[in-house]
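Enquirer: Sequence and predicted model, in that order:
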Amino acid sequence: MKQTWLTVQEGNCFIHLLRNHKFKMVSVLAQVEIPLAKETVTKTALLPQLLLRATKSYPDTMQLTRAFDSLYGTNMSAYVTKNGNLQTLEWVMRVPGASYLPNGHDVLEKALTLFMEVMMDPYQEDRGFAKQYVQTELTLHKQRIENSINDKGAYAAKRCQEIMFEGQPYGLSKQGFLEDVDRLTADALFAHHHALMQENALHFYLVGPIDEQATVTMLTSILANYAWRKNNVEQHPLSHPQARQARSLYVNERFEVNQAKLNLGYFSGVHYEDDDYEAIQVANGILGGFPHSKLFVNVREKESLAYSAFSRYDGLNGTLLIHAGIDEQVYPKARSIIEAQIDDLQQGKITDDELLFTQDALIHRYRLADDQPLTQAGFHHYYRLTGRERSTDDLIEGVRHVTKADVQRVAQSFAQDTIYLLQGKGD
Amino acid sequence: MQELFYEQINETLFKKQLDNGLMVYIMPKKDFRQTYACFTTRYGSIDRSFVVPGTDTPIEVPDGIAHFLEHKMFEEEEGDVFTSFARYGAQANAFTTFDATTYLFSCTDHVNENLETLLNFVQHPYFTDDNVNKEKGIIAQEIRMYDDNPNTRVYYGLLEAMFGKHPAGINIAGTVESIAEITKENLYACYDTFYHPSNMILFVVGDVVPHGIMAQIEANQTAKNYRRQATIERTMPPLPAQVHATKVSAKLAIAQPRVLFGYREDTSDLTSIDRQKHEQAMGIWMDCVLGKGSALYQAWLAKGLIDHSFGMNYISNAWCGYSIFGGNTTDPDQLVQHAKEALPKALAVGIDHEDFLLTKKKAIGQFLQLLDSPQAIANVYTLERVRGFDLFDQLTILQSLTIDDVHQAMRTHLHEHQFCVSEVLPIS
């Protein structure tokens, strides 16, 4: 089934709608992008949770939470993410479709009104955020930054990327920095939020059982309350990290752990907007995307060195990241087996099955996006960032036509940059 | 084949018990691209002791063997089962819980071929000394990964406090030492006992034609000539009257303490309908008293005792139930002290009627959300079935719950001597 977005522009707000009655919930995603920079990363990262504390109509958190609960458990959450050199603020909400609720006709409108109020109209004291919420959230944010060591797998991947991108925007931690948290004040945060919402484009995605025209009318009238937002759209271009020759920098960190985490980071010259994007997705898939992949078969099944062994490709940065959880004594062996898999790709040692299974697995994943409302929005997001439009059908066609020679050619662009090992402290 | 229509959610479920005892459920989801199927046996980490069919005396097997068996099912004489699924573009996986083992796939093409693969590999064990020994290294790494994870450590710590050496306290994956004792012989003993179709459930969901899918499954099963199996004799020791420990503590390389606390209760004398109702009632009061919309949650957050990770859950099965509350904290002792005072007080004061109505409303929306995910429908339906529940009765039960039911659930649950704490502290 071919699905296309209906996009309506309202000032600097873009409303993207995808009507689909197979879903019982309406999924809503809002995004604002700004450049990643040391001066702003920490205060931006703090905003999502701070904004969820109180709004103009609901001046305390309990009231606000209960307002959402009364809309049949409509749930709103917020995050910061990094996309290349940009920091993205994201708000997500799921609202039960009206036809499944007793007296549900106005639930969506109320939910969208509240959603917008959380993003744009926080509860104020003396032209700033309420002091008591700022105090609590500053403390919680420091804890959030410190707690990033708790999940060792995620921490190791984060550290490997920070080392690869040292001195570049993507090398900044998405939650910001401890030493910057203490310097934030209620007033400065408020001014930052206001400028951020005033000067940047806002993208709104709605997917599910909706009436498109009625939804546009509804959103337009809600947006009319926020006329202070500027109409000219500031674009923040995506830029690629500086290309670097292979340097194979080895870094290790020690914690008291039972299992070591090995991460290998590679730069490639291929990005989302390139014609080779599908080929490099296939290359990553053959290497470590699936249970039939080289890493799973050779590191896990043949040698029993790891339970988890996989690779991920980031099309905005053009990077490949390999992860394996191992006993630290086998580090040299695990690393050489992993590197041998990269060599095989670069020499075109790929079986017919590896190519075919990977193409089919990727096609399955792209088709699954039709069943996952916000995955569709994710594709549209990449289009906005890169200017390269790819529907799921385009991706499927592209993947189908990738040859072994294509995979070998793009794999030759992999340049080993960082080897990061998180290991134990020893006895 | 029985056809059940649920008007309020506009869904239809087809079901049939085959001659060999297998329960089959099919749920059509129009316009969904994927078909998802899961094949589940009522067999998990708690099944430590049982009688192998054709023998007289119970045997005891090493901890973690159900999970080990799940891994080993993916190997066949001709190679890896993942390859057979990959050949038809499907993604396959499996997971083991305390009381069930599930094998699953998701595909957007070749439904029939993938369904055959699922049925055939789960009904064909192939264990050798070599392939069993080779798996030990992989699972040891899985166990070590969880050993470093504060979430799993604090959770198993709570189970240890509540249940001690009772099977309900076993880590699903076992330990590096316990899995070392696993042999192909004890794997076959477990397989022969628990993988008979009469102990299993198959659930298929997607844009499928129910009669066609059912016919395919029946043909596959009939050809295998299973003979009827007597009821499985599981030797589950009774729940000890006392908790094993009031507090369990561990240390990890983390930044902030993490704590879980809760009460356990014996539910073995309740019928499954009553247990399902009890579970719903538990969920309501726990959310009213300590959910994000409660005064206590906000007060503890303002005091810096908890962060946004604070959450709660109630888990029940045929022999016991337990509540879990907790998350990251700056001060485990103080948080637990507050909870020990607040929970009995909440029982004495009672649940506010408006809170009760609001929380019920919220639960309805959360239930609807599950219906947008074929995977969630199949997994949750099946796991609830294993525990004797019917997921699609949930909305009716929820709507019929009264505040008295909720107070009753609180009264039966909140007994001080059943309270346990588990904490994981930073290595300083």
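Expert: Looks like it arrived, so ask away. Please read all numbers here as calculations on a predicted model, not as lab measurements.
Enquirer: Which residue ranges make up each domain of the chain?
Expert: Unless you meant another one, I'm taking chain A. In the domain annotation for chain A, the residue ranges read A:6-226, A:249-423 (automatic domain parsing).
Enquirer: oops, I was thinking of chain B
Expert: In the recorded assignment (automatic domain parsing), chain B comprises B:2-223, B:247-426.
Enquirer: one step back: out of the domains of chain A, nearest to B:Tyr191?
Expert: Using CB to CB as the criterion, the shortest distance between B:Tyr191 and the domains of chain A is 21.0 Å, found for domain A:249-423. Glycine gets a C-beta too; all of them are placed from N, C-alpha and C.
Enquirer: Redo the domains of chain A as JSON lines? Include distance to B:Trp319, mean pLDDT and mean neighbour count.
Expert: Listed next are the domains of chain A as JSON lines, based on distance: least, CB to CB, whole Å; pLDDT from 0 to 100; neighbours: other CB atoms under 10 Å in any protein chain shown:
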{"stretch": "domain A:6-226", "distance to B:Trp319": "31", "mean pLDDT": "95", "mean neighbour count": "19"}
{"stretch": "domain A:249-423", "distance to B:Trp319": "30", "mean pLDDT": "96", "mean neighbour count": "20"}
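Enquirer: How about the secondary structure of the most centrally placed residue in chain A?
Expert: Ranked by distance to the mean C-alpha position of chain A (CA atoms, centre = their mean), the top residue is A:Thr81 at 5.1 Å. State at A:Thr81, reduced to three classes by DSSP: H, G, I helix; E, B strand; the rest coil: strand.
Enquirer: Contacts only, for whichever residue of the stretch 101-250 of chain A sits closest to chain B.
Expert: Distance from chain B to each residue of the stretch 101-250 of chain A (CB to the nearest CB) is smallest for A:Glu146, at 3.9 Å. By CB atoms under 8 Å, 6 or more residues apart in numbering or on different chains, the contact list for A:Glu146 reads A:Leu178, B:Ala255, B:Gln256.
Enquirer: circling back to that earlier point, for the domains of chain A, give me JSON lines that also has distance to B:Asn220.
Expert: Formatted as JSON lines, the domains of chain A follow (distance: least, CB to CB, whole Å):
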{"stretch": "domain A:6-226", "distance to B:Asn220": "29"}
{"stretch": "domain A:249-423", "distance to B:Asn220": "23"}
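Enquirer: Among the ones you listed, which comes closest to B:Glu423?
Expert: Of the domains of chain A, the one closest to B:Glu423 (CB to CB) turns out to be domain A:6-226, at 14.1 Å.
Enquirer: can you give me the end-to-end distance of that closest one?
Expert: For domain A:6-226, the first and last residues are 23 Å from each other (CA to CA, to the nearest Å).
Enquirer: so how far is that domain off the chain centroid?
Expert: Going by CA atoms, centre = their mean, to the nearest Å, the spacing between the C-alpha centre of domain A:6-226 and its chain's C-alpha centre is 13 Å.
Enquirer: for stretch B:301-315, same thing?
Expert: Between the centre of stretch B:301-315 and the centre of its host chain there is 22 Å, according to CA atoms, centre = their mean.
Enquirer: Same question for stretch A:395-408.
Expert: Per CA atoms, centre = their mean, the displacement of stretch A:395-408 from the mean C-alpha position of its chain is 25 Å.
Enquirer: go on, stretch A:367-385?
Expert: For stretch A:367-385, the distance from its own C-alpha centre to the chain's C-alpha centre is 12 Å (CA atoms, centre = their mean).
Enquirer: So A:Phe14 lies in a strand, does it not?
Expert: Yes. Counting by three-state DSSP, A:Phe14 is found in a strand.
Enquirer: What residues does it make contact with?
Expert: For A:Phe14, the residues meeting the contact criterion (CB under 8 Å, 6+ apart) are A:Thr7, A:Val8, A:Ala201, A:Leu202, A:His203, A:Phe204.
Enquirer: Wasn't the fifth one part of a strand?
Expert: I take that to be A:His203. Yes. Using three-state DSSP, the secondary structure at A:His203 is a strand.
Enquirer: hmm, back to that, looking at the domains of chain A, which is nearest to B:Phe389?
Expert: Of all these, domain A:6-226 sits nearest to B:Phe389, with 20.5 Å by CB to CB.
Enquirer: circling back: any idea which helix or strand comes after the one helix or strand the residue of the stretch 101-250 of chain A closest to chain B maps to?
Expert: Assigned by DSSP states H and E, A:Glu146 falls within helix A:131-146. Elements were assigned by DSSP H and E; along the chain past helix A:131-146, the next helix or strand is helix A:152-164.
Enquirer: Name the nearest residue to whatever residue of the stretch 1-150 of chain A ends up closest to chain B, sequence neighbours excluded.
Expert: With CB to the nearest CB as the measure, the residue in the stretch 1-150 of chain A that lies nearest chain B is A:Gly73; the distance is 3.1 Å. Of all residues not flanking A:Gly73 in the chain, B:Gly365 sits nearest, at 3.1 Å (CB to CB, 6 or more residues apart in numbering or on different chains).
Enquirer: quick one: that neighbour from B:Gly169, how far?
Expert: B:Gly365 sits 35 Å away from B:Gly169 when distances are taken as CB to CB, to the nearest Å.
Enquirer: Check B:His196 too.
Expert: If you go by CB to CB, the gap between B:His196 and B:Gly169 works out to 27 Å.
Enquirer: In contact with B:Ile59, which residues?
Expert: For B:Ile59, the contacting residues are B:Ser49, B:Phe50, B:Val51, B:Val52, B:Asn186, B:Ala189, taking CB under 8 Å, 6+ apart as the criterion.
Enquirer: sorry, that was for A:Tyr272
Expert: For A:Tyr272, the contact set (CB under 8 Å, 6+ apart) comprises A:Gly315, A:Leu316, A:Tyr382, A:Leu385, A:Thr386, A:Arg388.
Enquirer: Over to B:Tyr381?
Expert: B:Tyr25, B:Phe203, B:Leu391, B:Phe392.
Enquirer: which of those residues sit farthest apart?
Expert: Taking CB to CB, the two most distant members of the contacts of B:Tyr381 are B:Phe203 and B:Phe392; they sit 12.4 Å apart.
Enquirer: between the two, who's got more neighbours?
Expert: Between B:Phe203 and B:Phe392, counting by other CB atoms under 10 Å in any protein chain shown, B:Phe203 is the more crowded of the two (26 against 19).
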